[in-house]
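[1] Here is my input; please provide its structure:
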Amino acid sequence: MSKPVTGLRPILTLPGLDGYGPDDLPDVERTDGVPELRLALAQARAEQELGYRIPPVADPAAHPQERIVEWTATVGRHQTAILAADLDEHACVADLVEHRLAAAVAATVATRSAEPAREEVAILVAADGGRTGRAVRLAAEVLGERLAEPTPAASAEGAALGWVAAHLGPDIAAQAREAIGIPVADATASTVTALLWLAAGAAAG
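    Next up is the predicted model:
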């Protein structure tokens, strides 16, 4: 039985997340921890598997009914698997960033826009309850590890920042430069966003 399109409770109305809440997923025993983050991960995995996502919709005709049914079932299946695996917060964030990092970087490169990174980081902020918390700091840790392996040469770092300045603007490049080397404990949503811009510059270069 599919969830009606109208009257959805918007948990996180952000890219990668739709309006389906935990109550709309299979009735399984839930563990303490980060249900919103696990839901975000389930939706990210569903999007990767299906190649599309169902965002919050006001118009029932915005998406074919069979697609809504498929999306709901796929998110539910991934949510059940995540709950069964009892993934902790770090594992969820690492997996979520793994899924979403490539999408955010690719979108940034394709659109030459700073917005995809902001939108992706907003997912983690929402998972932290609307503030900078452990999810955001763990994301900074995961991104920092990926940007440091292998450790980029100064010339590569300069090329990445050059791309950011040329395509996203000098102010964005300045923020990306400031984010380099910030300790994870001091990372904010702005830090993670800037690291995504830097990763896009590295990928485009």
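[2] going forward, measure contacts and count neighbours with C-alpha atoms only.
    Fine.
[3] Can I get the lengthiest helix in the chain in CSV? Just the C-alpha atoms.
    Ranked by residue count, the top helix of the chain under DSSP state H comes out as helix 89-111. Provided in CSV are the C-alpha atoms of helix 89-111 (Å, rounded to 0.1, in the frame of the first residue of the first chain):
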residue,chain,number,x,y,z
GLU,A,89,26.3,7.7,13.6
HIS,A,90,29.8,7.8,12.2
ALA,A,91,29.0,4.9,9.8
CYS,A,92,25.8,6.6,8.7
VAL,A,93,27.5,9.9,8.0
ALA,A,94,30.5,8.3,6.3
ASP,A,95,28.1,6.3,4.1
LEU,A,96,25.8,9.3,3.5
VAL,A,97,28.7,11.5,2.5
GLU,A,98,30.0,8.7,0.3
HIS,A,99,26.7,8.7,-1.5
ARG,A,100,26.1,12.4,-1.6
LEU,A,101,29.6,13.8,-2.1
ALA,A,102,29.9,12.6,-5.7
ALA,A,103,26.5,14.0,-6.5
ALA,A,104,27.3,17.4,-4.8
VAL,A,105,30.6,17.7,-6.6
ALA,A,106,29.2,16.7,-10.0
ALA,A,107,26.3,19.1,-9.6
THR,A,108,28.7,21.9,-8.6
VAL,A,109,31.0,21.2,-11.6
ALA,A,110,28.0,20.9,-14.0
THR,A,111,26.1,24.0,-12.9
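[4] what about the protein, any weak spots by pLDDT?
    The chain contains residues with pLDDT under 70 at 1-34, 56-60, 127, 149-155.
[5] After the one helix or strand R137 maps to, which helix or strand is next?
    Take DSSP states H and E as the rule and R137 turns out to sit in helix 134-148. Going down the chain from helix 134-148, the next helix or strand is helix 154-167, by DSSP H and E.
[6] I'd like to check the angle between whichever helix or strand comes after that next one and helix 134-148, please.
    Next along the chain after helix 154-167, taking DSSP H and E as the criterion, comes helix 170-179. On the basis of axes from the mean of the first three to the mean of the last three CA atoms, to 10 degrees, helix 170-179 is oriented at 90 degrees to helix 134-148.
[7] in the longest helix of the chain, what's buried?
    For helix 89-111, burial by neighbour count (16 or more other CA atoms under 10 Å) applies to 89-90, 92-101, 103-109.
[8] Equivalent analysis for stretch 190-200, please.
    190-200.
[9] Please verify my assumption that E141 contacts A185.
    No - using CA atoms under 8 Å, E141 is not in contact with A185; the gap is 9.0 Å.
[10] So between these two, which is more surrounded?
    Higher neighbour count among E141 and A185: E141, with 20 against 13, using other CA atoms under 10 Å.
[11] and the gap between Y52 and W71?
    Distance from Y52 to W71, counting by CA to CA, to the nearest Å: 9 Å.
[12] How about R146?
    30 Å.
[13] burial of A81, as a residue count?
    Counted with other CA under 10 Å, A81 comes out at 13.
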